[in-house]
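Undergrad: Provide a 3D model corresponding to the input given below.
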Amino acid sequence: MKQRPSFPARLDSGKPQAAPKTLLGATRVVTPQSPARAKPVGMASPTGVGLDSSAIRARMVKKLAEQGIDDAVVLEAMGRVERHRFVDSALVNQAYEDTSLPIGLGQTISKPNVVARMIALLREAPGLQGAQLMGRVLEIGTGCGYQAAVLACVAREVYSIERLRGLHDKARENLRPMRLPNVHMIFGDGMLGYAQGAPYSAIISAAGGENVPQAWMDQLAMGGRLVAPTQTQSGQQALVVIDKTPQGFQQMLLEPVNFVPLKSGIA
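TA: Numbering: from 1, shown residues only. The predicted structure follows:
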């Protein structure tokens, strides 16, 4: 197997360098702790005009707060990452609307509310114990790289895996100017996770299948949390939150969502 990948945007000179088992567990409600404000890494304070202005992102963040996102660390990260840099030029005027947008190859960039909601759920894990930053996070489905950039603000280390070569390459180019040394990008089969980086304090998936792959559960650290879309008995998707505890896996089924299907292999 290859050594741990280094993210290509880790630059000094500005030039690039060369059948899953169904889980059974107790349902419980987690009360979020009041988050401390974390200092995001690898990004300068947002400035500029138009879509580059911090004001337009501030309006998006205000809307997210009105929709119930109350994690100050997540809201700060959402306000720092410039979403318009991750969408096609023809769609930039919709970049800060609460809508998913196509990014090519039949995939989409998730709604800002969904990104914020899922990351906030990760941060509510009992094992986080009020820490400012999450530890090592595995993202299944890099897509255009937007969620990886947000995760980079709230985690010490991010491993992001993408099965579609075209999107993997696009995300590398999107993230390169941001110079995020804590993001590692992998081209591979997300259903297998990424054992070389395990264990992970958090796992987040941007695609949903009938069940959560066992490989993800095996790679989740004790006290860690997984958030992913999954198919319910009705055939619809819903968010599932799974905590790995000494007593076993505990899961909660939350609100309906609509993600692209989880697939195996690479393409």
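
Undergrad: for the helix or strand containing G79, packing partners?
TA: Counting by DSSP states H and E, the element that carries G79 is helix 72-80. Here helix 72-80 touches helix 54-66, helix 112-123, helix 146-154, going by 3 or more CB pairs under 8 Å, 6 or more residues apart in numbering; DSSP states H and E. Bear in mind the C-beta positions are built from the backbone N, C-alpha and C, glycine included.

Undergrad: Give me the angle between the second one and helix 146-154.
TA: Counting by axes from the mean of the first three to the mean of the last three CA atoms, to 10 degrees, helix 112-123 points 40 degrees away from the direction of helix 146-154.

Undergrad: Just give me how far helix 112-123 sits from the chain centre.
TA: 8 Å (CA atoms, centre = their mean, to the nearest Å).

Undergrad: Would you mind getting the angle between the helix holding G79 and helix 54-66?
TA: 140 degrees.

Undergrad: which other helices and strands contact whatever helix or strand comes next after helix 72-80?
TA: Sequence-wise, the next helix or strand downstream of helix 72-80 (DSSP H and E) is strand 101-104. Applying 3+ CB pairs under 8 Å, 6+ apart, one finds that strand 101-104 contacts strand 107-109, helix 165-175.

Undergrad: Among those, pick out the one with the most neighbours on average.
TA: Each of these was scored by mean neighbour count; the highest is strand 107-109, a mean of 21, by mean count of other CB atoms under 10 Å.

Undergrad: packing partners for it?
TA: strand 101-104.

Undergrad: which other residues reach the strand it packs on?
TA: By CB atoms under 8 Å, 6 or more residues apart in numbering, the residues outside strand 101-104 that reach it are 86-88, 91, 94-95, 108-109, 143-144, 166-167, 170.

Undergrad: partners of that strand in the sheet?
TA: With DSSP bridges as the test, strand 101-104 is paired with strand 107-109 (antiparallel).

Undergrad: what mean pLDDT does the strand it pairs with have?
TA: Per-residue pLDDT values over strand 107-109 give a mean of 96.

Undergrad: would TSV of the helices and strands packed on strand 101-104 with distance to E210 be doable?
TA: As requested, those are arranged in TSV below (distance: least, CB to CB, whole Å):
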stretch	distance to E210
strand 107-109	19
helix 165-175	23
